[in-house]
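J.: here is the input, now give the coordinates:
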Amino acid sequence: MTALSPMLNDIFVGTGTWLVFLVILVPVYVMIAAWFVGKPGDIRQSLLGVGYIVGITAAIWLGLFVVSVIVGVLFYELPGTQNIGHGWP
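T.: Sure, this is the predicted structure:
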């Protein structure tokens, strides 16, 4: 183990996180690197591709956040309130 390991353990909490970021996303990393180092290279098109990836990812995260808030309100309780005896058990 290195001195960096405790910090990485705080960031990457479980085996699944390592699996996603270091194994499953390798093709995405290679694709983005190829956009910038490949020939013929066009920086404008490369940045446009990165912008699309960031935009799609942000839209997915925002959508999932909204859905999780809706599920939380419908099936649990509003933040900051205690609905004891109301709603689902």
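J.: pLDDT value on residue 22, please?
T.: At residue 22, the pLDDT value in this model is 83.
J.: tally of neighbours for it?
T.: 11 (other Cβ atoms under 10 Å). Every residue, glycine included, has its C-beta placed from N, CA and C.
J.: so how far is residue 16 from it?
T.: According to Cβ to Cβ, to the nearest Å, residue 22 stands 11 Å off from residue 16.
J.: now swap in residue 44 and tell me
T.: 36 Å.
J.: ok, residue 38 next?
T.: Residue 38 is 31 Å from residue 16, by Cβ to Cβ.
J.: how about residue 52?
T.: 26 Å.
J.: how far off centre is stretch 66-77?
T.: 20 Å (Cα atoms, centre = their mean, to the nearest Å).
J.: next one: stretch 19-33
T.: 13 Å.
J.: do the same with stretch 63-77
T.: Here stretch 63-77 is found 18 Å from its chain centre; the criterion is Cα atoms, centre = their mean.
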